[in-house]
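# Predicted model and sequence below, questions to follow.
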Protein chains: 2
Amino acid sequence: MTACKIKFLPHNKEITVDLNKNLIHAAMEAGVHINASCGGEGVCGKCRVMIEEGEVEGGITEKLSKEDFDKGYRLACRSKVKSDLVVRVPVESDIDTGVLNLAVMPRRTARIRQMDFNELKEQGLFVPPVEKKYLELPKPDAQDHLPDVMRLVSYLKLQHGEHRISVELPVIRKIPDMLRENDFKITATLMRPVHEGRKTHIVNVQGGDATDRNYAMAIDIGTTTVYGQLIDLISGEVLAERGEFNSQISYGEDVITRMMYADKPGGLEKLHQLVVENINKIIASTIKKAGVDIEEISTITLAGNTTMTQLFLKVNPKYIRLSPYVPASTLYPPIKAVDLGIALGEHVPALVYPQVSSYVGGDIVAGVMGAGVYRSEEIILFIDIGTNAEVVVGNKDWLACAAASAGPALEGGGITFGMRAAKGAIEDFSIDPVTLEPMNITIGQKRAKGICGSGLINIVAVFVEHGIVDNAGKFDRDLKTPRLRNQDDIWEYVLVWANETQIDRDIVITEIDIENLIRAKGAMYSGYMTLLSEVGMSIRDVDRVILSGGFGSSVDLEKAMTIGLLPEIDAEKVTFIGNGSLMGAKMSSLTNRIRRDVVNVTKMMTNFELSETPSYMDHYMAALFLPHTDIDLFPKVRDRMKERRKLKKLNQT
Amino acid sequence: MTACKIKFLPHNKEITVDLNKNLIHAAMEAGVHINASCGGEGVCGKCRVMIEEGEVEGGITEKLSKEDFDKGYRLACRSKVKSDLVVRVPVESDIDTGVLNLAVMPRRTARIRQMDFNELKEQGLFVPPVEKKYLELPKPDAQDHLPDVMRLVSYLKLQHGEHRISVELPVIRKIPDMLRENDFKITATLMRPVHEGRKTHIVNVQGGDATDRNYAMAIDIGTTTVYGQLIDLISGEVLAERGEFNSQISYGEDVITRMMYADKPGGLEKLHQLVVENINKIIASTIKKAGVDIEEISTITLAGNTTMTQLFLKVNPKYIRLSPYVPASTLYPPIKAVDLGIALGEHVPALVYPQVSSYVGGDIVAGVMGAGVYRSEEIILFIDIGTNAEVVVGNKDWLACAAASAGPALEGGGITFGMRAAKGAIEDFSIDPVTLEPMNITIGQKRAKGICGSGLINIVAVFVEHGIVDNAGKFDRDLKTPRLRNQDDIWEYVLVWANETQIDRDIVITEIDIENLIRAKGAMYSGYMTLLSEVGMSIRDVDRVILSGGFGSSVDLEKAMTIGLLPEIDAEKVTFIGNGSLMGAKMSSLTNRIRRDVVNVTKMMTNFELSETPSYMDHYMAALFLPHTDIDLFPKVRDRMKERRKLKKLNQT
């Protein structure tokens, strides 16, 4: 893609973006505030900027007068960057550039880190659990009556050095004709044992040389979304991927209600079927997209939290919900995919990630395996943020973990205008420190409908930094703006006026919303801190933080630290792995070593039940502030707050 | 049972029999000839004997005159022995006792040998493949969150020293509720690995202590009959047993026609289903008889010949029939019984005996294992006689085997009045050397319908010994009896006149029948001899002969040697194990060691394909005589013939 350089005036900030980038997004990334109330559909008409040099496409709506157009004004939210630009943002005349540049900080998201397939190959770790071997066998004759199966097994040993082979009955049934119809040239699909010395199973045979076609499915069974990848086991590439909302949602938003539903007559079966249907849709869609024959898929590896795993396996999860919170099992043997209703070949094993405890599940274990935490020399703090925050700390020698129940605030739950990360959700935000006018950026540049999790974090963080709310999350009642108001005894800030929304109501954020966010982030933060203190460490002992989960992709690290959702740590030390669960499932498809190692890893992972850890409540109470009771834990946030809160006087004067 | 002593006059032969024994059977066993043409239903009225002392019940029909009755005559075939007896048999006046006593020799059947359960226990070999263990587990609490499955596995280790446990998904599904509904007291059913060091699988859990109930099914899948035993795995006892005709018979009498049917569309599925239905009937019937709950059956072990095994497993046996006669496999992994359609619990593994080759199958291997041939110090010749004669020679250090295709003569096939061993079949025979009148004994003492295999052997042996046929199987045309005649250019002997039969036709044995028998026994005999000579041995090197198969139970060893069906060997060295296949299946149910050993045994068994062994044809040609071209191989037969053929002159004079 062509890169375009944009200079924003009067800020004098420059940023390089891809051709066709949306101009208001470019401004946000550059740390330039442009008033933009409606979220990005050109409705409010506030994001008027002058294109002084270069060219944009679009940026014209009925909100822009002919006169303005002729002068070179465009609406930033509707403009696509088409060349290097010089863009002037209209600002209050009495604000100097220094002030402007404090208003918005460029977003600092975590570095994305994915394992490298070549690295895997170089380390000799590329040994998929299921491999294909091609054989040309001598034919039986009067001097050689070796039975067909023994012939295959003997020559697997002779030609490929394979030992301890077992052949499953459905394969035995196929072998005699398969051999004779293919001139005794066939391909055997071998399933490796978890432990060396155990048996390798021949799970399929195909005519001729079929070794160039070998695929795997990797699945993350999330409470909200089921993700799948179709993986080429020859190249290690992901050929197609797809997410489906977990259809179980109709029977319960969260794991608790689903567990309750599962305990009703037929409930477990129903929830099992629904998620299997999701998986089957993902399989059908990805193989279609990649043009892969379903018969060539050799394995399916799945990871999910403990409840999702048990529902998928049709193991009633009811005792996960009831004290003392015991899962049925942590390990599951390989299961035939067809026995679970998965629409794959009869020979395909379903490999399911093991669990640690009722609330630290296979998704977290997969993340720990996929991200290599279990073989790290450094001390790693692994955090997966969703409804719960699961946290793991340790390295190759020891691992401890815990799950903090944060509630659904970060997924929009319990927030007045909270919503999932979908089109029309405010996901980014800045504020004009003088006028307190917002810059709302929505997903998909649609008129706003609500606020998603990362939007909520960004909004509150901006409020905290500028002193619009205090450390307890209360609005400064003295600020001058019509957007700040008291409705029915609750203070709130109007992000978008009704006529600029999709919902014809003012979209607001209330003090109660902020309280809910504080409780959620407090639960998470105290989770990390309790775990660290239980293992005798502080955040300073941590060499690296790994963020996992859909949430981590868009979150601005500094903002998350500002509200105390993440501990303050050098942003360079933070990496983001995306969907760790899916990554782990994919890694297991590529290297059988993980299947062996994971058993030891789950045994090694010491689980702390926070509700039974006495120090947790103290940590929690201390975390119910923005960012924290002990501001010394957040020195950089303290510095930012100090500097930015100075700007408040510009409003109050 | 009360024993009764019977003295037969004028022979002066004594025998002790059980109370209620049929008198004509007693005579046959004592070696006393009584003319008895009809087979035993009192129709011919020829078996008139005088009860001189003691008491019989019955023995009266319309064939016996009032006068005879009053004198003390009874029909032997209708008389039950009720006390010690002195019985006088009416004989031709000019025959002395010495002659009489040569007419019939007491039957010499092989000693029956069955393995002893206590012996197994003493040797520490009593370790069934599936065992139950009772556990009382501590309950989880706030300090102990061990998942249910891991709790079970840990305490199996602690309380029972069990290691390397794997738990199957259907069991995992049951465990959580099972534990809580039974106060954490449960019984786990463990399936042992074949090899030490491999995994033990928990295949079932039950509430409370269920260790006193553990049963197994052992099944012999015969071409003609499917036999089953229900075995108590606590006591080692057979609680019930049952045989069912193999329903596949409707689709082919022999294995070849069944293989051909199996290759037609739907044929394999059909034959598979039929035999599974047979097995299910046997299960249903035996558990009903023994009052055992079907859920308490832990394993089913099956043995059959290679074709029967493949049909049962739904593995098309067509290449067994086609040169170079290759079976699909010799080993089969444990399979879930339910996956094969067997009506047992979902957790029950079906353990199938391995094969050696296309014509030395699991039934033979089971016999070799069950009879302990594979751990014998002595050289054993193991012979299983049916349509084929399979033969194994060797000891604990080496084993060789072969299969001789004998044709169905011994099962009544190709014999004019041949029939299976069923009611009305002539099974035993002697002849009056003077009048050449027969003594026919039928199964069930019914009027004769035909001749079964052992009857055929006995008849021809009697003919040979008395010189009624020569060594080539041709009748002596000079003998004076209306029973010997030439019909349509074929010589035959009338065993039963039409009016004394169930079928209103003369039941005869023809020279063609005898030729067929010679070919059958010749194929078998040359099979043993070829195998022995291929391993550099003669019959003199053999320490012991073990006979297996339903056939061996009733056969008179001397008679079988007389016609050269068995090699001549001291009768003391011959033991009979009955259904060796069923015996092996039962042994495998009781001791897991066999499952491990059998893999090595099948590898050790060197298979000779007789059709490709050059010496076979020479051996075969030499065996097409009664007993053999080389009479020196049968010195005792020679002596018997010499002595008895003298009697011929009594007829001819």
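That came in fine, so what should we check first? Residues are numbered from 1 along each chain as shown, chains lettered A, B, ... in the order given.
# residues touching whatever residue of the stretch 551-653 of chain A ends up closest to chain B, list them.
At 5.4 Å from chain B, A:Glu612 is the closest residue in the stretch 551-653 of chain A, using Cβ to the nearest Cβ. Heads up, the C-betas are built off the backbone N, CA and C, glycines and all. For A:Glu612, the contact set (Cβ atoms under 8 Å, 6 or more residues apart in numbering or on different chains) comprises B:Ala142.
# next one: A:Leu268
Going by Cβ under 8 Å, 6+ apart, A:Leu268 touches A:Ala262, A:Leu311, A:Lys314, A:Asn316.
# Any idea how far apart the tips of stretch A:72-82 sit?
End-to-end span of stretch A:72-82 (Cα to Cα, to the nearest Å): 15 Å.
# buried residues in it?
The neighbour-count check on stretch A:72-82 (16 or more other Cβ atoms under 10 Å in any protein chain shown) flags A:Tyr73, A:Arg74, A:Leu75, A:Ala76, A:Cys77, A:Arg78, A:Ser79, A:Val81, A:Lys82 as buried.
# need those residues in JSON lines with distance to B:Val226, pLDDT and secondary structure, can you?
Below are the buried residues of stretch A:72-82 laid out as JSON lines (distance: Cβ to Cβ, whole Å; pLDDT from 0 to 100; DSSP: H, G, I helix; E, B strand; the rest coil):
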{"residue": "A:Tyr73", "distance to B:Val226": "93", "pLDDT": "92", "secondary structure": "strand"}
{"residue": "A:Arg74", "distance to B:Val226": "88", "pLDDT": "93", "secondary structure": "strand"}
{"residue": "A:Leu75", "distance to B:Val226": "85", "pLDDT": "92", "secondary structure": "strand"}
{"residue": "A:Ala76", "distance to B:Val226": "84", "pLDDT": "92", "secondary structure": "helix"}
{"residue": "A:Cys77", "distance to B:Val226": "81", "pLDDT": "90", "secondary structure": "helix"}
{"residue": "A:Arg78", "distance to B:Val226": "81", "pLDDT": "91", "secondary structure": "helix"}
{"residue": "A:Ser79", "distance to B:Val226": "83", "pLDDT": "93", "secondary structure": "strand"}
{"residue": "A:Val81", "distance to B:Val226": "81", "pLDDT": "95", "secondary structure": "strand"}
{"residue": "A:Lys82", "distance to B:Val226": "83", "pLDDT": "95", "secondary structure": "coil"}
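# what about the closest residue to chain B within the stretch 1-150 of chain A, neighbour count?
Closest residue of the stretch 1-150 of chain A to chain B, Cβ to the nearest Cβ: A:Val149 (3.5 Å). By other Cβ atoms under 10 Å in any protein chain shown, 24 other residues sit near A:Val149.
# residues contacting the residue nearest to it when sequence neighbours are not counted?
Closest residue to A:Val149 apart from its sequence neighbours, by Cβ to Cβ, 6 or more residues apart in numbering or on different chains: B:Ser329 at 3.5 Å. B:Ser329 makes contacts with A:Pro147, A:Asp148, A:Val149, A:Met150, A:Val167, A:Ile172, A:Ile175, B:Val315, B:Gln355, as judged by Cβ under 8 Å, 6+ apart.
# Isn't the second one up against A:Asp177?
No: A:Asp148 is not in contact with A:Asp177 according to Cβ atoms under 8 Å; the separation is 9.5 Å.
# okay, those two: which has more neighbours?
A:Asp148 (25 against 15).
# how about the more buried one, phi and psi?
Per-residue torsions, A:Asp148: phi -50, psi -50 (degrees, to the nearest 10).
# Next, give phi and psi for the residue nearest to A:Lys46 when sequence neighbours are not counted.
Leaving aside its chain neighbours, A:Lys46 sits nearest to A:Asn35 (4.4 Å; criterion: Cβ to Cβ, 6+ apart). Phi and psi for A:Asn35, reported as degrees, to the nearest 10, are phi -60, psi 130.
# ok now do A:Asn35, which residues does it touch?
A:Lys46, A:Cys47, A:Asp432, A:Thr435, A:Glu437, A:Pro438, A:Met439.
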